[in-house]
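In: quick one, what's the 3D model for this:
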Amino acid sequence: MTTEKIKKEEREVKRHRRISPMILVMLLLLFFVVSFSYLYNHSKNPIYKKPKVESNTQDDNVNSIRERNDNNFISVSYPVFGKENIDSILERKVNEYIDAFKSRNDEYVELSDTTKADLKIGYESFEATENIVSVLLKASERKAFEDEYTTENCTFVFDFENDKEISLDEIFKGRYLNYISSYIEDLVVNYSDETDVSYDKMRDTLYPSLENFSKFICDENKITFYFDKKDFKEVEVSGSFGFEIPYYDMYGYFKSGYLDFKVEQDEYMYSQIFGPVDDRVPCVAITFDDGPGKYTEEIVSILREHNSVATFFMLGERLDLVEPSTLDDLLTEGSTINSHSYSHSNFKKLSAESIKQDMIDTKDKIYDITGGYEIRFFRPPYGSYNDTVKENVPYPLVMWSVDTMDWDTDDPNAVYENATCNIQDGDVILLHEVHGSTVEALPRILEELQNQGFQTVTIEEMYDMQSSKLKRGVIIE
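Out: The predicted model follows:
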């Protein structure tokens, strides 16, 4: 290689060495410009911004969630019990609160700390027994640009032994909703800031339905029902919206198995658990003839589901067709049993001695099967009576003011229409528990009566407490 060629190659190497650092600097500058532009532009769109999660931790007892982003603050704590189903129920409810909160507030972006939306969820737990534990979730939300928090209570009562949530119907029996409604109404009236609280203002909130009393907790000594302020509309109540009822004031309403041992369970008459009848509310008495039979248990279940009661005029010869436990359920749910004779004879054709013997036989049969229940009324078969019947039957005779004609039709729609059309305060409705169409129509009948503002009562309740409402001629002394 010549000297001239070598010198030429050395010059080329030096030139490349000078160019390479310049190219590197230019590339680095380009990278920083593009990166800055990308981050700046995308930071304006919240879709690309992940919230800062300060913590999402779980220890043996508490699960905590802390989130802070440009849209909102979230601070949540709720208990963990190590029970698969119970823990799942609590987690699902908390997530519902968080999702609903975010959907309401994610439209606000880059607000200052004083104007952001804020969700706080805390809890209290209460032990009624070793296996019965209640949880009160308190969800407080402040909307963006607002100063005040709104708080909602959410309650759970759990059965640890069976890993499930418990409803009121699993704890109480009979007309307990009527009793609770009346009890809390008295508390509201007594402790209200208003000097004159109208019953109409509270009627919807305190109507005896499971929905209205679904928020409750049980602790060692009492049951507490919670309401939101909006539930009382115009009624302003001082202090907390948690109304307490000591267990001893729920005497006679407990089912066995959960909290029944919290009150002393002496022997008591069935009349002690019928619950109050509010004479300010229109009432009707539903009556069933010709039972018991294959539909009795289903009818009792339907009445229970609709917080209703009825009077059953039963035949002595049919009492062996059902299990004694069915009649016991009927009575403990608040309904009553009375005599419809032993074998459905026409009493106008019977002698005085035959009438007396029939009364004794039916009374004794009911007494023996129910373990001591005493009847108070008699409905003569076919509604047929004369002076001999009145003189020899030792009970008031009960007739009816509304005949559903269910004995003459298999159409449940016709039974429903006959039972609910033009119903009036104090009516006594005649049904027969031996017809499938009657059982099919019963839920709709009860719902319609409630929609019209009626309470169902037994003949005993109507006779004892609201005799002025009885239709003329329905009760024959």
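In: from now on I want contacts and neighbour counts done on CA atoms only, so please keep to that.
Out: OK.
In: buried residues in the helix or strand containing Asp169?
Out: Assigning secondary structure by DSSP states H and E places Asp169 in helix 168-171. Buried residues in helix 168-171, counted by 16 or more other C-alpha atoms under 10 Å: Leu168.
In: ok now that helix, how far from the chain's centre?
Out: In terms of C-alpha atoms, centre = their mean, to the nearest Å, the centre of helix 168-171 is set 9 Å apart from its chain centre.
In: output the contacting helices and strands for that helix.
Out: Using 3 or more C-alpha pairs under 8 Å, 6 or more residues apart in numbering; DSSP states H and E as the contact criterion, no helix or strand is in contact with helix 168-171.
In: what is the rounded mean pLDDT of the following helix or strand past it?
Out: The helix or strand immediately downstream of helix 168-171 is helix 176-191, counting by DSSP H and E. If you average the pLDDT over helix 176-191, you get 81.
In: do the same with stretch 261-269
Out: For stretch 261-269, the mean per-residue pLDDT is 55.
In: from now on call the first residue 38
Out: Taking 38 as the first residue, the last one we looked at is stretch 298-306.
In: now do the same end-to-end measure for stretch 381-399.
Out: Between the opening and closing residues of stretch 381-399 we find a distance of 11 Å, counting by C-alpha to C-alpha, to the nearest Å.
In: show me the contact partners of it.
Out: 327, 352-353, 376, 378-379, 417-419, 421-423, 425-426, 429-430 (C-alpha atoms under 8 Å, 6 or more residues apart in numbering).
In: mind checking which of the residues you listed land in strands?
Out: 327, 376 (DSSP state E).
In: quick one, strands of the stretch 388-514 of the chain?
Out: 434-435, 439-440, 465-469, 492-494, 512-513 (DSSP state E, counting those that start in this stretch).
In: so which of those is the most packed in?
Out: Ranked by mean neighbour count under mean count of other C-alpha atoms under 10 Å, those are led by strand 492-494, which reaches a mean of 25.
In: tell me, what residue is most central in the chain?
Out: Taking C-alpha atoms, centre = their mean as the criterion, Leu247 is the residue nearest the geometric centre of the chain, at 2.8 Å.
In: need the three-state assignment for that one.
Out: Three-state call for Leu247 (DSSP: H, G, I helix; E, B strand; the rest coil): coil.
In: that older thread, just put the strands of the stretch 388-514 of the chain in a markdown table and tack on mean pLDDT and distance to Pro480.
Out: A markdown table is the format used below for the strands of the stretch 388-514 of the chain (pLDDT from 0 to 100; distance: least, C-alpha to C-alpha, whole Å):
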| stretch | mean pLDDT | distance to Pro480 |
| --- | --- | --- |
| strand 434-435 | 93 | 24 |
| strand 439-440 | 95 | 18 |
| strand 465-469 | 96 | 13 |
| strand 492-494 | 90 | 13 |
| strand 512-513 | 74 | 27 |
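In: now those strands in a markdown table, with distance to Asn459?
Out: Output for these, formatted as a markdown table (distance: least, C-alpha to C-alpha, whole Å):
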| stretch | distance to Asn459 |
| --- | --- |
| strand 434-435 | 21 |
| strand 439-440 | 9 |
| strand 465-469 | 12 |
| strand 492-494 | 16 |
| strand 512-513 | 21 |
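In: quick one: closest of these to Glu164.
Out: Of all the strands of the stretch 388-514 of the chain, it is strand 492-494 that lies closest to Glu164, at 35.1 Å by C-alpha to C-alpha.
In: just checking: what are the partner strands of that closest one?
Out: Strand 492-494 has the following sheet partners, assigned by DSSP bridges: strand 320-328 (parallel).
In: hmm, who's touching the partner strand?
Out: By C-alpha under 8 Å, 6+ apart, strand 320-328 touches 346-352, 355-356, 377, 381, 461-471, 491-496, 499.
In: the helix or strand following it to strand 320-328, inter-axis angle?
Out: For strand 320-328, the following helix or strand on the C-terminal side (DSSP H and E) is helix 333-342. Calculated by axes from the mean of the first three to the mean of the last three C-alpha atoms, to 10 degrees, helix 333-342 forms an angle of 170 degrees with strand 320-328.
In: Thr495 and Leu174, how far apart?
Out: Distance of Thr495 to Leu174, computed by C-alpha to C-alpha: 39 Å.
In: ok, these two, which is more surrounded?
Out: Thr495 (25 against 22; other C-alpha atoms under 10 Å).
In: I'd guessed that one sits against Phe349; true?
Out: No: Thr495 is beyond contact range of Phe349, at 9.2 Å (criterion: C-alpha atoms under 8 Å).
In: now for those two: what residues contact both?
Out: Common neighbours of Thr495 and Phe349 (C-alpha under 8 Å, 6+ apart) are 372-373.
In: just the pLDDT for Gly276.
Out: 42.
In: should've said Tyr295
Out: 85.
In: do I have it right that it meets Ile208?
Out: Yes: applying C-alpha under 8 Å as the test, Tyr295 and Ile208 come out as touching, 6.3 Å apart.
In: where does the stretch 238-387 of the chain dip in pLDDT?
Out: By pLDDT under 70, the low-scoring segments of the stretch 238-387 of the chain are 238, 266-277, 301-317.
In: mind listing the strands for it?
Out: Counting by DSSP E, counting those that start in this stretch, one finds strands in the stretch 238-387 of the chain at the ranges 253-255, 259-263, 279-283, 320-328, 348-351, 373-376.
In: CSV for those strands, including distance to Phe110?
Out: Shown next, in CSV, are those (distance: least, C-alpha to C-alpha, whole Å):
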stretch, distance to Phe110
strand 253-255, 29
strand 259-263, 27
strand 279-283, 28
strand 320-328, 52
strand 348-351, 58
strand 373-376, 57
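In: reformat these as a markdown table; add mean neighbour count and distance to Val99.
Out: Listed next are these as a markdown table, based on neighbours: other C-alpha atoms under 10 Å; distance: least, C-alpha to C-alpha, whole Å:
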| stretch | mean neighbour count | distance to Val99 |
| --- | --- | --- |
| strand 253-255 | 25 | 20 |
| strand 259-263 | 18 | 24 |
| strand 279-283 | 17 | 25 |
| strand 320-328 | 23 | 49 |
| strand 348-351 | 26 | 51 |
| strand 373-376 | 26 | 49 |
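In: can you give me the helices in the protein?
Out: Counting by DSSP state H, the chain has helices at residues 40-80, 121-142, 205-208, 213-228, 236-240, 333-342, 361-369, 389-407, 424-429, 449-457, 473-488, 496-502.
In: give the contact list for the closest residue to Val99 other than its chain neighbours.
Out: Spatially, and ignoring its direct neighbours in sequence, Val99 is nearest to Pro116 (4.4 Å; C-alpha to C-alpha, 6 or more residues apart in numbering). Listed by C-alpha under 8 Å, 6+ apart, the contact partners of Pro116 are 98-100, 124, 127, 160.
In: determine which two of those are furthest apart.
Out: Top of the distance list for the contacts of Pro116 (C-alpha to C-alpha): Asp124 and Tyr160, 13.9 Å.
In: show me what contacts the residue nearest to Asp447 when sequence neighbours are not counted?
Out: Nearest non-adjacent residue to Asp447, counting by C-alpha to C-alpha, 6+ apart: Ser474, 5.5 Å away. Neighbouring residues of Ser474 by C-alpha under 8 Å, 6+ apart: 443, 447-449, 452.
In: for PyMOL, what selects the buried ones among those?
Out: Selection command for PyMOL covering only the buried members of the contacts of Ser474, criterion 16+ other C-alpha under 10 Å:
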select buried, resi 443+449+452
